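In: All I have is the shape, not the residue letters:
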């Protein structure tokens, strides 16, 4: 894993890029794009982000790379989304737009996931990657407009399950990672959690089987009537033994003990690498209690410790992490947190956004992905 910061001076955009490029194998990049405010409105920053994406893909070291997933973090999704029609018409990537304001003073930031060596197509709105007997399915930005967050969540999940079934997949057997962004998380999160739990039971997902690695966090979809937005990644063509779940019981408790239904993390083992997905993780102990209430420094440090324990269970470390997405409840904590991350993780791509965590006393949460180079001779390479 290598990480670089690329400053595109003429555009005022910094691209923080991690790369996993084994010789002769599938290459992968994660990029976080940050735009400098230059006194112009959103349209100007959006134009510079688009130009930065094109400039990044034109670089020699990314020759042949295709984008499989994008997320744009916006300061005002309802008013900005109509100006971003190009984003939703990306040739290959599955795209989500969500109001989680970047806290560096800009109106937009972007996360890009790129791969080379995989055949990537867009099929009925879903991004499909095929290589070496594996099929990767990315579906971002799903919303519905039922009357409350529970009904919207159920409708989104049923729609997604139908789309998986059309491809011969199921939620229980094939979904690896989900994201749930919830409008007014302090009041609407409970409905999402209830509907997800009930749907999962119908799909055979219980505390006695397994759940799915996930982030559930505050975020405003562009559609004002949408209370919940979901993104998901599924995988087909793998053996059951290639997927295992992460618990870090010394640091964290099973989520079902406090009524939610997701896994703390998961790892997919391929012949040449491991993909490690760490769910949204906060300052919590192994009895489900919030640690360091009211203390942003203490909560950040405990959050790091929890994520480190999950990574270790997967055989990984922070050196394998491709990017960090950090969610803050209080904008006043930004400078403290920014400095902490800059000191602890000076090389890992990081974006810090305004997004309340699902418990009011949690001040911060983060998620990440790691790619660890290793050999599993019993499995096919990615």
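Out: Arrived safely, thanks for sending. Worth saying up front: this structure is predicted, and the values here are computed from it rather than measured. Numbering: from 1, shown residues only.

In: residues contacting residue 349?
Out: Residues in contact with residue 349 (Cβ atoms under 8 Å, 6 or more residues apart in numbering) are 3, 16-18, 30-32, 322-324. For the C-beta atoms, the positions are set from N, CA and C on the backbone; glycine is no exception.

In: Quickly note the distance from residue 138 to residue 270.
Out: Separation of residue 138 from residue 270 (Cβ to Cβ, to the nearest Å): 17 Å.

In: Please identify the helix or strand for the closest residue to residue 61 other than its chain neighbours.
Out: Counting by Cβ to Cβ, 6 or more residues apart in numbering, residue 61 lies nearest to residue 19, which is 7.4 Å off, once chain neighbours are set aside. Assigned by DSSP states H and E, residue 19 belongs to strand 13-20.

In: which residues touch the closest residue to residue 285 other than its chain neighbours?
Out: What sits nearest to residue 285 in space, not counting adjacent residues and going by Cβ to Cβ, 6+ apart, is residue 291, at 5.3 Å. The neighbours of residue 291, taking Cβ under 8 Å, 6+ apart as the test, are 283-285, 298-299, 302.

In: Quick check: closest non-adjacent residue to residue 174.
Out: Nearest residue to residue 174, sequence neighbours excluded (Cβ to Cβ, 6+ apart): residue 234, at 4.4 Å.

In: before we move on, what about residue 262?
Out: In this structure, residue 262 finds its nearest non-sequential neighbour in residue 214, 3.8 Å apart by Cβ to Cβ, 6+ apart.

In: Can you tell me the SS state at that neighbour?
Out: Assigned by DSSP: H, G, I helix; E, B strand; the rest coil, the conformation of residue 214 is strand.

In: pLDDT at it, what is it?
Out: Model confidence at residue 214, expressed as pLDDT, equals 98.

In: Does it touch residue 280 like I think?
Out: Yes. Applying Cβ atoms under 8 Å as the test, residue 214 and residue 280 come out as touching, 7.2 Å apart.

In: what's the helix or strand for residue 3?
Out: Assigned by DSSP H and E, residue 3 falls within strand 2-8.

In: In that strand, which residues are buried?
Out: 3, 8 (16 or more other Cβ atoms under 10 Å).

In: Who does that strand pair with, and is each partner parallel or antiparallel?
Out: Under the criterion DSSP bridges, strand 2-8 sits next to strand 13-20 (antiparallel) in its sheet.

In: ok now the strand it pairs with, how far from the chain's centre?
Out: Computed by Cα atoms, centre = their mean, to the nearest Å, the chain-centroid distance of strand 13-20 equals 16 Å.

In: Likewise for stretch 296-316?
Out: How far stretch 296-316 lies from its chain's middle: 17 Å, per Cα atoms, centre = their mean.

In: Give me the residues contacting that stretch.
Out: Applying Cβ under 8 Å, 6+ apart, the external contacts of stretch 296-316 come out as 246-248, 250-252, 264-265, 267, 274, 276, 278, 281-285, 291-292, 317-318, 320-321, 330, 333, 336-337, 340, 344, 362-366, 368, 370, 372, 374.

In: and that stretch, average pLDDT?
Out: Computed over stretch 296-316, the mean pLDDT rounds to 98.

In: What residues sit buried inside it?
Out: Within stretch 296-316, the residues scored as buried using 16+ other Cβ under 10 Å are 296, 299-304, 306-311, 313-314, 316.

In: ok, and the helix or strand in the chain with the lowest average confidence?
Out: Within the chain, confidence by mean pLDDT, DSSP states H and E is lowest for helix 85-88 among all helices and strands, at a mean of 71.

In: Show me the helices in the stretch 51-200 of the chain, by range?
Out: Read by DSSP state H, counting those that start in this stretch, the stretch 51-200 of the chain holds these helices, from start to end of the chain: 77-80, 85-88, 149-166, 171-174, 185-202.

In: do the same with the stretch 201-350 of the chain
Out: 296-313, 334-344.

In: ok, the nearest residue to residue 122 once chain neighbours are set aside - how many residues close by?
Out: Nearest non-adjacent residue to residue 122, counting by Cβ to Cβ, 6+ apart: residue 92, 5.8 Å away. Residue 92 sits with 18 neighbouring residues when counted by other Cβ atoms under 10 Å.

In: So residue 92 versus residue 306, what's the distance?
Out: Applying Cβ to Cβ, one obtains 34 Å for the distance of residue 92 from residue 306.

In: Likewise for residue 317?
Out: Counting by Cβ to Cβ, the gap between residue 317 and residue 306 amounts to 14 Å.

In: just residue 354 next, same as before
Out: Counting by Cβ to Cβ, the gap from residue 354 to residue 306 is 22 Å.

In: before we move on, what about residue 33?
Out: On the measure of Cβ to Cβ, residue 33 and residue 306 end up 28 Å apart.

In: before we move on, back to that, per-residue pLDDT, the residue nearest to residue 122?
Out: 89.

In: Let me see the contact set for it.
Out: With Cβ under 8 Å, 6+ apart as the criterion, the residues that contact residue 92 are 66-68, 120-122, 127.

In: Out of the residues you listed, who's the most crowded?
Out: Counting neighbours by other Cβ under 10 Å, residue 127 comes out on top of those with 26 neighbours.

In: What residues are bridge-paired with residue 233?
Out: Beta bridges link residue 233 to residue 138, residue 177 when assigned by DSSP bridges.

In: ok, now how distant is it from residue 374?
Out: Using Cβ to Cβ, which is the criterion applied here, residue 233 is 21 Å from residue 374.

In: Name the residue in those two with the higher neighbour count.
Out: When residue 233 and residue 374 are compared on other Cβ under 10 Å, the one with more neighbours turns out to be residue 233, at 24 against 14.

In: pretty sure the more buried one is touching residue 138, no?
Out: Yes. The pair residue 233 and residue 138 qualifies as a contact (Cβ under 8 Å) at a distance of 5.6 Å.

In: residues shared between the contacts of these two?
Out: When contacts are counted by Cβ under 8 Å, 6+ apart, residue 233 and residue 138 have residue 69 as shared neighbours.
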